[in-house]
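Novice: Predicted model follows, preceded by the sequence.
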Amino acid sequence: MSRYDSGFREPPWVMGSPKEVMDWQDASHPSKGKKGKHETEKKFLKNLHIKFDFDVNKKEIDPPNFISKVFGLKYFEEDFDLLSTAELILRGLAKAKFKNTAKIVVDGKTLYEHPENKSDLRDTIKSLKDFEDEIKDGKKIKIEAILLDVGKVKAMIKISKIHSDKEHSIDIQIKGKIRKNIYHTFLNYLKENIGLKKQ
C-alpha cells in the first residue's frame, strides 16, 4: 500500500498493524535457510530408472531355458548394432560429466574393469573399437560408469539384443543423488541421438 500512489510499497509501520509489519518483513527479507534448503532439494534427483525399446525389426525366438518356457515368457531378438549403441550411451554419459568407466561386460565376459581410474571414460570410447569383435557378435552388454559429484553416482546400463517381453532393450539405472541438470543433459543426448521419446 502507498499513500502517494507512487507504486513503491511503504513499510506497514507507516500505516499498518503489527501483523502487517511481520508480513512485510517476511516478504521483503525471506528466510535464507528455508529458501536454500527448498532450492537444494529441487536441484537433485535420486535413484533413477530409464527403460526403452528401439523401433526396429524383431523376431520371436525360443526361450533360452526351461524356466522361461514354464512361465510362458516370450523372447525376441532385435535388429540393432550393439557397438554403436554402447558408444552413443557412453558419449551421453561423458556429456553429462561422468568420468569413469568402471566395467564393460559382454555376454558375461568382462572386457574392461578399472573402477579406480577416475577419468578414463573418454579414452574408453576411443578404444571401444578394440573390443569390436567381442561386442559385434554379442547379444548383451553391461556397462558401469561412475560420476563423483556431490557423492558417488553409479550408472548401470544394460543393452540387450535378446530379451523377454517383460524386459527392454535398454535398461539404465542411476544409483545415488544426481543433479537435475546433469540428468537432463544425459536424457537430451539420448533424445537427440537415439530418438528416445517420452511416454
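Specialist: Cool, the structure landed.
Novice: all helices for the chain, in order.
Specialist: With DSSP state H, the ranges of helices along the chain come out as 18-28, 32-42, 66-70, 82-95, 121-126, 132-136, 180-194.
Novice: Going by mean pLDDT, which of those comes out lowest?
Specialist: With a mean of 54, helix 32-42 has the lowest mean pLDDT of the helices of the chain.
Novice: okay, now the residue nearest to residue 106 when sequence neighbours are not counted: neighbour count?
Specialist: Leaving aside its sequence neighbours, residue 106 sits nearest to residue 138 (CB to CB, 6 or more residues apart in numbering; 4.2 Å). Any C-beta I mention is one placed from the backbone N, CA and C, and that applies to glycine too. Residue 138 has 21 neighbouring residues, counting by other CB atoms under 10 Å.
Novice: next one: the one 10 residues further on
Specialist: Residues near residue 148, counting by other CB under 10 Å, number 13.
Novice: how close does it sit to residue 110?
Specialist: Residue 148 sits 22 Å away from residue 110, going by CB to CB, to the nearest Å.
Novice: same check, this time on residue 186
Specialist: 24 Å.
Novice: who's more crowded, the two?
Specialist: Set side by side, residue 186 and residue 110 show more neighbours around residue 186, with 25 against 10, by other CB under 10 Å.
Novice: I figured that one hits residue 95, correct?
Specialist: Yes. If you go by CB atoms under 8 Å, residue 186 and residue 95 touch, sitting 6.9 Å apart.
Novice: give the contact list for the residue nearest to residue 106.
Specialist: 82, 106-107, 161 (CB atoms under 8 Å, 6 or more residues apart in numbering).
Novice: pLDDT score for residue 5?
Specialist: Looking at residue 5, its pLDDT is 55.
Novice: again, but for residue 65
Specialist: So residue 65 comes in at 74 (pLDDT).
Novice: what's the answer for the one 10 residues further on, then?
Specialist: The pLDDT attached to residue 75 in the predicted structure is 84.
Novice: From residue 164, how far off is it?
Specialist: Taking CB to CB as the measure, residue 75 falls 5 Å from residue 164.
Novice: Find residues that contact each of these two.
Specialist: The contact sets of residue 75 and residue 164 overlap at 63, 68 (CB under 8 Å, 6+ apart).
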